[in-house]
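*Asks:* I need the structure of the sequence given here:
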Amino acid sequence: MRGKKWIIAALILIIPGLFMTTSCSKKMVKSDGMTMAGDGGQGTGAGGDGQGAIGEDGLTPEQRAAKEQFLNEHIYFAFDRSDLSAEAQATLGRKAEYLQENTGLNVTIEGHCDERGTNEYNLALGDRRALSVKAYLENLGVSGSRMSPVSYGEERPLDPGHTEEAWSQNRRAQFIFE
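*Replies:* Residues are numbered from 1 along each chain as shown. This is a model prediction of the structure:
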């Protein structure tokens, strides 16, 4: 009887241990529009050049830098305006190229304003800014179905200051991946 108890106790400990030590086969993982082997080690990104290690996010250092640049490069507007300057158009040209290279990405285009003006006016102006950016990207060949414009008016300032320098940073459109 005592031997059966030891065998049962051993099986109770060994069987779950065996399940925990088995592994799954390698899977293909799609991340940010690029497909690679999901081995968690090194591999090649979309370029296939074998340069750089694949990080936990599935991106090479170069791809990660391009993604960060895309997200951190904002479109700035003049006071009470929603038209695009030459500098904004150049920035949007780079963003269009990135979106065309990464067709699996969808973005939200956020329109923002400085604190001057009423809440209602700033929400409408932020909407015009986001729609202006979306229309320009559509003209460059990015599908409108991949972009969702939204206005935050003055609700989410980048710089909380009350100076012209702060206000110029807050009059912007920025991108967020969906």
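*Asks:* So what touches stretch 122-137?
*Replies:* With contacts defined as C-beta atoms under 8 Å, 6 or more residues apart in numbering, stretch 122-137 is touched by 75, 77, 80, 82-84, 89, 92, 95-96, 99, 109-114, 117, 144, 147, 149-154, 171-173. Just so you know, the C-beta spots here come from the backbone N, C-alpha and C atoms, and that holds for glycine as well.
*Asks:* For that stretch, list every residue counted as buried.
*Replies:* 122-134, 136-137 (16 or more other C-beta atoms under 10 Å).
*Asks:* do stretch 54-63 as well
*Replies:* 54, 58-60, 63.
*Asks:* distance between the ends of it?
*Replies:* Stretch 54-63 has an end-to-end distance of 10 Å (criterion: C-alpha to C-alpha, to the nearest Å).
*Asks:* next one: stretch 145-156
*Replies:* Counting by C-alpha to C-alpha, you get 25 Å between the two ends of stretch 145-156.
*Asks:* Give the rounded mean pLDDT of it.
*Replies:* For stretch 145-156, mean pLDDT rounds to 97.
*Asks:* residues near residue 141, how many?
*Replies:* Residues near residue 141, counting by other C-beta atoms under 10 Å, number 10.
*Asks:* Assess the claim that it and residue 93 are in contact.
*Replies:* No - judged on C-beta atoms under 8 Å, residue 141 makes no contact with residue 93 at a distance of 10.8 Å.
*Asks:* End to end on stretch 98-114, go ahead and measure it.
*Replies:* End-to-end distance of stretch 98-114: 28 Å, with C-alpha to C-alpha as the criterion.
*Asks:* What mean pLDDT does it get?
*Replies:* pLDDT averaged over stretch 98-114 gives 97.
*Asks:* Could you give me the buried positions within that stretch?
*Replies:* Buried residues in stretch 98-114, counted by 16+ other C-beta under 10 Å: 98-99, 102, 105, 107, 109-114.
*Asks:* now, the most widely separated pair of these?
*Replies:* Within those, 102 and 114 form the most distant pair, 31.4 Å apart (C-beta to C-beta).
*Asks:* Figure out the helix or strand that residue 94 lives in.
*Replies:* helix 86-101 (DSSP states H and E).
*Asks:* That helix: what's the following helix or strand?
*Replies:* strand 107-112.
*Asks:* Report all helices and strands that that following strand contacts.
*Replies:* Strand 107-112 sits against helix 119-139, strand 147-153, strand 172-177, with contacts defined as 3 or more C-beta pairs under 8 Å, 6 or more residues apart in numbering; DSSP states H and E.
*Asks:* between those, which gets nearest to residue 70?
*Replies:* Distance to residue 70, taken as C-beta to C-beta, is lowest for strand 172-177 among the helices and strands packed on strand 107-112, at 6.6 Å.
*Asks:* so that closest one versus helix 86-101, what angle?
*Replies:* 10 degrees (axes from the mean of the first three to the mean of the last three C-alpha atoms, to 10 degrees).
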